[in-house]
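Trainee: sequence plus predicted model, see below.
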Amino acid sequence: MKSWLTTTDHKRIGLLYFWTALVFFLIGGLEALVIRAQLAKPEGIGVSAEVYNQLFTMHGTTMVFLALMPLSAAFFNYIIPLQIGARDVAFPRLNAFSYWVFLLGGLFLNASFVAGPLFGAGHLSVAPDAGWFGYANLTSRQFSPGPNVDFWLLGLQILGIASLAAGFNFIVTILNMRAPGMRLMRLPAFSWMTLITQFLVITAFPVITVALVLLMFDRFFGTHFFVPAGGGDPILWQHLFWLFGHPEVYILILPAMGIVSEVLPTFSRKPLFGYTVVVYSGVLIGFMGWGVWSHHMFSVGLGPIADSVFSATTMLIAVPTGVKIFNWIGTMWGGQLRFTTAMLFAVGFIGMFIIGGLSGVTHASPPADLQQTDTYYVVAHIHYVLFGGTMLGLFSGMYYWWPKMTGRKLSETLGKWHFWLTFVGMNLAFFPMHFSGLLGMPRRIYTYGPELGVTRLNQVSTAGAFLIGVAVLVFLVNLWWSRRRGEIAGNDPWGGATLEWAISSPPPVYNFTVIPRVENRLPLWQTEHHAPMAPLPATPPAPIHVPGGSWWPMVTAVGLPLMAIAALSHQLWLVFVGLAVVIAGIYLWAYEPFEV
Amino acid sequence: MAYNTDTHAVAVAHGHATFMGVDSRKMAFWAFIGSECLLFGSLISTYLIYKGKSLVGPFPHDVLNIPFTSFSTFDLLMSSLAMVLALAAVQRGDLKQAKIWLFTTAFLGLVFLGGQVYEFTSFVHEGLGLTTNLFGSTFFVLTGTHGAHVTVGVIWLLTLWVQALRGKLGPEQAVTVEITGLYWHFVDVVWIVIFTLVYLIQ
Amino acid sequence: MAPSGRRLRLLLTTVLASAVAGCGGPFPQTTLAPRSDLGAVVDTLFTGIFWWAVVVFAIVEGLLLFVIFRYRAREGAGPPSRLHGHTVLEIGWTLAPALILVFIAVPTMRTIFATAAPAPAGALRVEVIGHQWWWEFRYPELGVVTANELHLVRGRAVQLEMTSADVIHSFWAPGLGGKRDLTPGRTTRIVFTPDSVSEYAGQCAEFCGASHANMRLRVFVQTDSTFAAWAAHQLTPAATPVRGSLAERGQDLFAHGACIACHTITGVPQARGTVGPNLTHVGGRTTLAGATLPNTEEWLRRWITNAPYLKPGSLMPAMPLPDDQVAALIAYLQSLK
């Protein structure tokens, strides 16, 4: 127990991220099922408007910040040091700190579901309820007087710190901790996409932090940054939010693209087609992701010039994205495809992401978007991108790397059930939403009239959502089953090309008995240019120093939610307690003997 | 999954060699500074977007005291010079000079903070509070965020100074001091930008 | 894309939707059957993009399926090809999507500027003010003020000048064209010319709080003469109830009760509230409560006695009045044709 609380081992932190994010994913999924149950019939009365608004707000917030990002982070933590031939990340304690801050931030946000009685209200009454995008001025104290929005803005600030700390850590890890010879153009695609993602994290999160701080000043200290009565402009919130929000979309999708770029070559027995182009298109997407934010705001009425510019940049970003798809197909072309579960999810990712990408192009055109934005058409789009894309990619990664992380494979039989149920379920759930949107059903409504004519479409969506729920249950059974009965994996169950497959599964705490020297992009493969790398010795030729654990990352992390609780409860003294904990933690951390 | 995480069971063999030849902490700090640029960039943009949008006074020209702030700016610039000297002293192992210059840097930082406290108080006396108008809100949040950064820097510098007093700031700690310096110079540069955009170009 | 293409797509989507939905409408809020110039150009644009998307979808998913079946690992197959890349091919599949995007971008830009053009002379001006959770419509040139039900003229351009009294809302009547946000402190515009006499449903499209789902609207596009008659009637003061009638008692209750804090009735001097909808001719409207309920005696009763139950978060409080008073109020409100 203590060894887990104080761990600074990237592999253990990766597992902690995985299990925690999985629990949050289940919570977010349950929220989605209640939402779908409510919409299964017109004038549904399963939950009240107030509860429904909390559910869809928390569903979005949870899936983005507590499920998809940290599930990706689980792979960053576990896999990146192995792929680049390192013993750990650059800053193991900072890594632990990121995890604890993420966990506490997630708990803080979700505590809002049961915190009602502390504020003299019922359960299910003080959770965030202004949407995951929290548009001003609905979030002002005047229109959202309760603690709901406070939970949201404080929770997101905490989570931002976790993401930023991890961002610095992984940029340095990938750039600086590479094994000798692993030049940038030999970096595995997943590591490359992670590197780009982390650059986006450290540049995008400060922007939302500023937006949240300004909102906090509005709500707690009476400023008017977003309050029209005081001269403020609610549209400024939208600019700041989407300036963060669009890079965030790429923060969510790039890691999954990286996973798919690892899985496809392995199961096609062919190198990634056009590696350089995949890398550069990723970099290009990272840059261009900063120039498209106002396409979330076409209905604001920013004027024809702004609309044209953002429309053009948005269409342009489709080019590097499309290139990636062709490169993935090129990777499979002429290969020997083995349809393991990991491969099925990877191919599913491509198929579904194409749909999400194409519907995206239809709302890159502002006039067309004016009929689509804020309708279920966009709900369909984002779920094809974030579920059909990111989530299928993450599932692919789970089946691919689970043997490395635990030493045992997941069941392929259950895995195929998992895949097909997910695939059918998601298309049943999300494809009809294109129609319900075009037929006039807006988003974020807890009720709709029978006269709208979208009842049957909604029933199909609901059935699909529950099918996804069944698929997730199959996955959970698979995880449980594999603990004892999964096939023993060995070093390299799939015939992978990258360094993580050169060591045992799960790897020893020091990862590599000897740090390998990297001569090419596919070190473990026999190609026409080179032979596979010589196997590493089974035991370290010399003793290897492994840094011990540390309490201080967790202690420092505890100070942050303390300050948030202080703000919620208006207890000034508690702010100082939280601050003191953070400062004490930092000093103890800085002066702790800790050899890396 | 039982790992042997006992530090002492395995002897040290893992060096500090890095791929890029740059100290990892220094690289992380550069990334941090990049991130901070976006933070201040967003705050400064907010200030500029709301410039001239205040519904009621006092307005910038009513309260801003350029000669006084020029002094503060000069003070902060001088602290950067002191920081350079402190780093140089640590690098050549001159503990005595290091103590002097670290303290000077921190002291000049404190003078700047004192100036900011004075400025804020006098603004409040002149009727400009945090919630008075958009100018007040954007001004106090922007310069307050900067002031918080200076405060962190001063505490950091004083920590190093105490370390130096205890004789524990040898040349092997030069990277730590260098990073402190990076932070300090960055905060200084941000102030130059704020001084130019908020005070000089009204 | 030619109109035939649009019809084809409409057919396709309807068939698909019907296949999935098991019913064929009617769809009062469909975006696929526009009845205004704005709706028509937007639809033409969308139709064009839609077909490009279908073509790309067919090609790329087809390729994917081909590869999946063609290159499935088989016993005794030779070693996989070692193709790392192919420069010409890669340049090709970079340029091809870029070229297609040009065909989407050019009509997009044209449409953006065409739809942003100022309203033609003689356009009807309507000020739209969003409230949590109802719509205020003001016709500045006519002096008419009404709520939730917008009356327009067939063939006459209309310019909606929109703002909000509280939070951001979004005006959306899909049959007449795209949506536009109503932002407090700003005025946004949308210009279109309705081309068919009909009734259109719409609703708020920007999440605006508890009852966002209950902020709906109706648009009545009328002939010139019907509209003129409606507008002229709107300008008259409220009907005075017959002496001694139930409605007169209702008026008395209204004028001396809580109602006047929020509602205006022209002709009743006490009733000057502006927080809620103007009720001068409420009896002539077809709906209640942000166009969510039919304007009938029964729904009026439920609305007056417990508005927050029907519309969560409603500013109108529940009013547990005795039955006779409720009946009197209903009689009065229904008399305000």
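Mentor: That came through fine.
Trainee: low pLDDT regions in the chain?
Mentor: If you meant another chain, say so; for now it's chain A. Applying pLDDT under 70 to chain A flags residues A:595-596.
Trainee: sorry, should have said chain C
Mentor: Ranges of chain C meeting pLDDT under 70: C:1-24, C:77.
Trainee: which helix of it spans the most residues?
Mentor: helix C:37-70 (DSSP state H).
Trainee: which single residue in chain B comes nearest to chain C?
Mentor: In chain B, the residue that lies nearest chain C is residue B:53 (10.5 Å; C-beta to the nearest C-beta). (C-beta placed from N, C-alpha, C; glycine too.)
Trainee: for whatever residue of the stretch 101-250 of chain C ends up closest to chain B, give me its contacts.
Mentor: When scored by C-beta to the nearest C-beta, the stretch 101-250 of chain C has residue C:185 as its residue closest to chain B, at 10.5 Å. When contacts are counted by C-beta atoms under 8 Å, 6 or more residues apart in numbering or on different chains, residue C:185 touches A:228, A:233-234, C:163.
Trainee: quick one: what helix or strand has it in it?
Mentor: Using DSSP states H and E, residue C:185 falls within no helix or strand.
Trainee: where does pLDDT dip in chain B?
Mentor: Across chain B (using pLDDT under 70), the flagged ranges come out as B:1-16.
Trainee: quick one, helices of it?
Mentor: Counting by DSSP H, the helices of chain B are B:24-49, B:60-63, B:66-91, B:95-125, B:134-165, B:174-194.
Trainee: now render the ones you listed as a markdown table, adding distance to residue A:180.
Mentor: Listed next are those as a markdown table, based on distance: least, C-beta to C-beta, whole Å:
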| stretch | distance to residue A:180 |
| --- | --- |
| helix B:24-49 | 16 |
| helix B:60-63 | 56 |
| helix B:66-91 | 29 |
| helix B:95-125 | 36 |
| helix B:134-165 | 34 |
| helix B:174-194 | 22 |
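Trainee: ok, and does stretch A:216-231 reach over to chain C?
Mentor: Yes: counting by C-beta under 8 Å from any C-beta of the partner chain, contacts between stretch A:216-231 and chain C involve residue A:228.
Trainee: gap between that stretch and the chain center?
Mentor: 31 Å (C-alpha atoms, centre = their mean, to the nearest Å).
Trainee: what's the first-to-last distance across it?
Mentor: End-to-end distance of stretch A:216-231 (C-alpha to C-alpha, to the nearest Å): 17 Å.
Trainee: JSON lines please, covering the helices of chain B and showing distance to chain C and mean neighbour count.
Mentor: Formatted as JSON lines, those follow (distance: least, C-beta to the nearest C-beta, whole Å; neighbours: other C-beta atoms under 10 Å in any protein chain shown):
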{"stretch": "helix B:24-49", "distance to chain C": "14", "mean neighbour count": "19"}
{"stretch": "helix B:60-63", "distance to chain C": "22", "mean neighbour count": "14"}
{"stretch": "helix B:66-91", "distance to chain C": "32", "mean neighbour count": "19"}
{"stretch": "helix B:95-125", "distance to chain C": "26", "mean neighbour count": "18"}
{"stretch": "helix B:134-165", "distance to chain C": "12", "mean neighbour count": "20"}
{"stretch": "helix B:174-194", "distance to chain C": "27", "mean neighbour count": "20"}
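Trainee: of all these, which lies closest to residue C:189?
Mentor: Residue C:189 lies closest to helix B:24-49 among these, at 22.5 Å (C-beta to C-beta).
Trainee: orientation of that closest one relative to helix B:174-194 in degrees?
Mentor: 10 degrees (axes from the mean of the first three to the mean of the last three C-alpha atoms, to 10 degrees).
Trainee: still on that earlier bit, which elements pack onto the longest helix of chain C?
Mentor: Helix C:37-70 sits against helix A:304-332, helix A:341-362, helix A:366-372, helix C:3-21, helix C:87-115, strand C:188-192, with contacts defined as 3 or more C-beta pairs under 8 Å, 6 or more residues apart in numbering or on different chains; DSSP states H and E.
Trainee: what's the most buried one of the ones you listed?
Mentor: helix A:366-372 (a mean of 28; mean count of other C-beta atoms under 10 Å in any protein chain shown).
Trainee: counting by contacts, list what the next helix or strand after that one packs against.
Mentor: On the C-terminal side of helix A:366-372, the closest following helix or strand by DSSP H and E is helix A:376-385. With contacts defined as 3+ C-beta pairs under 8 Å, 6+ apart, helix A:376-385 has these neighbours: helix A:341-362, helix A:412-438.
Trainee: distance to residue A:537 for the ones you listed - can I get that in TSV?
Mentor: What follows is the helices and strands packed on helix A:376-385, written out as TSV (distance: least, C-beta to C-beta, whole Å):
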stretch	distance to residue A:537
helix A:341-362	29
helix A:412-438	32
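Trainee: so which of these gets nearest residue A:530?
Mentor: Closest among those, using C-beta to C-beta: helix A:341-362, at 25.2 Å.
Trainee: which among the helices of chain B is found nearest to residue C:252?
Mentor: Nearest to residue C:252, of the helices of chain B and by C-beta to C-beta, is helix B:134-165 at 48.4 Å.
Trainee: run the chain-centre distance for the closest one.
Mentor: 6 Å.
Trainee: and the residue nearest the centre of chain A, what does it touch?
Mentor: The residue lying closest to the centre of chain A (C-alpha atoms, centre = their mean) is residue A:69, at 2.1 Å. Contact partners of residue A:69, counting by C-beta under 8 Å, 6+ apart, are A:163, A:251-252.
Trainee: what does residue A:27 give?
Mentor: Residues A:62, A:66, A:110 are the ones in contact with residue A:27 under the rule C-beta under 8 Å, 6+ apart.
Trainee: tell me where the stretch 151-300 of chain A has helices.
Mentor: Residue ranges of the helices in the stretch 151-300 of chain A, as given by DSSP state H, counting those that start in this stretch, are A:189-216, A:234-268, A:275-288.
Trainee: ok, which of the ones you listed comes nearest chain B?
Mentor: helix A:189-216 (3.8 Å).
Trainee: show me what that closest one is packed up against.
Mentor: So helix A:189-216, by 3+ C-beta pairs under 8 Å, 6+ apart, packs with helix A:69-84, helix A:148-176, helix A:234-268, helix A:275-288, helix B:24-49.
Trainee: so which of the ones you listed gets nearest residue C:246?
Mentor: helix A:148-176 (44.3 Å).
Trainee: which helices and strands does that closest one pack with?
Mentor: helix A:49-61, helix A:69-84, helix A:92-111, helix A:189-216, helix A:552-569, helix B:24-49.
Trainee: circling back: so which of the helices and strands packed on helix C:37-70 comes closest to residue A:495?
Mentor: Among the helices and strands packed on helix C:37-70, the nearest to residue A:495 by C-beta to C-beta is helix A:341-362 (12.1 Å).
Trainee: from the contacts of residue C:185, pick the one nearest residue A:101.
Mentor: Nearest to residue A:101 among these, with distances taken as C-beta to C-beta, is residue A:234, at 29.8 Å.
Trainee: with adjacent residues omitted, what lies nearest to the closest one?
Mentor: The shortest distance from residue A:234 to any non-neighbouring residue, by C-beta to C-beta, 6 or more residues apart in numbering or on different chains, is to residue A:136 (4.0 Å).
Trainee: three-state assignment of that neighbour?
Mentor: Taken by DSSP: H, G, I helix; E, B strand; the rest coil, the conformation at residue A:136 corresponds to coil.
Trainee: I'd assumed residue A:240 was in contact with it.
Mentor: No: using C-beta atoms under 8 Å, residue A:136 makes no contact with residue A:240, being 9.5 Å away.
Trainee: when those two are compared, which one has more neighbours?
Mentor: residue A:136 (29 against 25; other C-beta atoms under 10 Å in any protein chain shown).
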